[in-house]
Structure formats: structure tokens, C-alpha cells
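Visitor: I would like to see how this sequence folds:
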Amino acid sequence: MTCKINADTSNGLKLTSDTSGSIDLQSNGNTDISFASNALNIKSGTTLTIDSGATIANSGTATGFVGKVVKMVASSDNLSYTISVTGGNNSDGAGSKAYSITPSSSSNKVKIDFFIPQIRLLANVSGIRMRLYRQIGGGGYSHVTALSGDAASNRRGALAGNYDQGGDGNRSTVWLGGTIVDTPNTTSQVDYKFYFGVGDSGSHTIYVNRTQNDADQTYTHRTRTHCCLSEIDTSWI
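Guide: Have a look, this model is predicted:
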């Protein structure tokens, strides 16, 4: 025997027993919530609202969720800087700032949202590239190859690449931004840096957050690099 508890709009509260094996909470004859065999079901079309000031505490297992953001670390770099690199190989120059996060679980992923508004290549050659480097627990930076394209023979893998000079010294070569997801597999501090290189041989200069001339003029703009690291608990998926 079970009971239907119905807030009837005509006759008020109604209790109806049946043999369905559940307790149904109804409004005007329509079941909104059902209890049965250790299960609580919010019926289709019903909205479960958590009022302001309330707290949901989970000590069990949550399933069916897309992914939970455990923490978010946002930072930016307003420094305008110059990088000297040797082209034609895998010699990359490091950006001026590290973006760091310490995952709470080694199974969690790190979502990286970034925007570099201004990158400038001094020489009029093609092949400027950007890569993401990572160090774990202060162990030294290395290229996160899993986030770059597949290298083949002389062709280099990169997160972004193949931009030329693109105008005079008062202009930008390229701006870069996007979202990538890394799997560092650690609970130690993870540091990320953007590195830059050039595919052309010889020594080259790259400017970040500034133009080549950086002229003291009203048409000259300095920019700020933005990066947001989010730890994502994918066990909810």
C-alpha cells in the first residue's frame, strides 16, 4: 500500500491509498515527486529550486552531471616584453608569466582559457608559432605535445602557428585565444607558460603585449594577456 498526497485545487488536501509501492506528491492530480524503493524522482516538467542560503552537501556518489568545476584560478600579465629565439628548430622562448593551479585529484582535468591580444614578429618571415609548456612540482618546463599538432619530418607540432609579420612596426602580427584541456595527472602544483618560436632559420625577435616600435603615440596600444585555469572533476560525467 502506498499513498498519493494530492494538493487538489478544488477539494484541498487529499490522501489516496493504492498498491503502486510508491509515495507520490501531487498537485491537482499531477505527480511532481515520487518516492519508491530508496529512490527520489523529480518528474518530467517539475523544477527543483534551491533557495538562496540553502546548501547541497554530497557525501555519496553523484552521477549524470556534465562536470564539476572544483576551483578556478584567473590571472593576467600586463608586462610588455621581448623574446629572442633561434629559428628553424625546436628552440622556443618563454613568456614572462607562469599560470599555476594545484589539482585536488590526479584524475581531474585542467581547462585553460587564454587570450594573448598582441604578438609581433620582427623579421618578415613565416613560421611564428606558439606552444604551451608545463612543469609539475617545479620539475622544469617541457612542451605539452598532446595539445599540439602532430609533428612530421621537418614540420613542427604547435598549438598555433604559421603567422608572418603582417604590416609595419606599429602593427600586430597576430592575436591568439581559445580553450584547451590538459590532463596533468597530479596533485602537485602545475605551472603553465606560453612559449614562442619561429620556423625560419637564424635569430629572431618576438614582442608580446606590444608592437615592434612601441612608439610613444596615441595610436600605440599595450595589451594584457589573460589566462584562467579551471580544475574540472570529470568523475561526474
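Visitor: please parse the protein into its domains.
Guide: Partitioning the chain according to automatic domain parsing yields domains covering residues 2-42, 68-236.
Visitor: let's check: the centremost residue of this structure is which one?
Guide: The chain has residue 111 as the residue nearest its centroid, 2.7 Å off, counting by C-alpha atoms, centre = their mean.
Visitor: quick check: that one vs residue 142, distance?
Guide: 20 Å (C-beta to C-beta, to the nearest Å). Every C-beta, even on glycine, is put in place using the N, C-alpha and C of the backbone.
Visitor: quick one on the thing from earlier: hey, least reliable of the domains of the chain by pLDDT?
Guide: Mean pLDDT values for those show the minimum at domain 2-42, a mean of 72.
Visitor: in CSV: the domains of the chain, plus distance to residue 56.
Guide: Written out in CSV, the entries for these read as follows (distance: least, C-beta to C-beta, whole Å):
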stretch, distance to residue 56
domain 2-42, 14
domain 68-236, 12
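Visitor: okay, the ones you listed, which one's buried deepest?
Guide: The highest mean neighbour count among these, using mean count of other C-beta atoms under 10 Å, belongs to domain 68-236: a mean of 17.
Visitor: show me what the longest strand along the chain is packed against.
Guide: Secondary structure of the chain per DSSP state E: the longest strand is strand 109-121. Under the contact criterion of 3 or more C-beta pairs under 8 Å, 6 or more residues apart in numbering; DSSP states H and E, strand 109-121 touches strand 128-136, strand 174-182, strand 190-198, strand 202-208, strand 225-233.
Visitor: repeat that for 6 Å
Guide: Counting contacts by 3 or more C-beta pairs under 6 Å, 6 or more residues apart in numbering; DSSP states H and E, strand 109-121 is packed against strand 174-182, strand 202-208, strand 225-233.
Visitor: could I get those strands as TSV with distance to residue 46?
Guide: Listed next are the helices and strands packed on strand 109-121 as TSV, based on distance: least, C-beta to C-beta, whole Å:
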stretch	distance to residue 46
strand 174-182	34
strand 202-208	52
strand 225-233	27
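Visitor: wait, which of the ones you listed is closest to residue 28?
Guide: Taking C-beta to C-beta, strand 225-233 is the member of the helices and strands packed on strand 109-121 nearest to residue 28, at 39.7 Å.
Visitor: each with direction, which strands does the closest one pair with?
Guide: When pairing is defined by DSSP bridges, strand 225-233 lines up against strand 68-77 (antiparallel), strand 109-121 (antiparallel).
Visitor: so what touches that strand?
Guide: For strand 225-233, contacts defined as C-beta atoms under 6 Å, 6 or more residues apart in numbering pick out 67-77, 99, 101, 103, 108-116.
Visitor: go again using 8 Å as the cut-off
Guide: If you take C-beta atoms under 8 Å, 6 or more residues apart in numbering as the criterion, strand 225-233 is touched by 67-78, 95, 97, 99-101, 103-105, 108-117, 181, 192, 194, 208-209.
Visitor: which SSE is residue 167 in?
Guide: Remark: residue 167 resides in no helix or strand, with elements defined by DSSP states H and E.
Visitor: and it, how far is that from residue 47?
Guide: Counting by C-beta to C-beta, the gap between residue 167 and residue 47 amounts to 54 Å.
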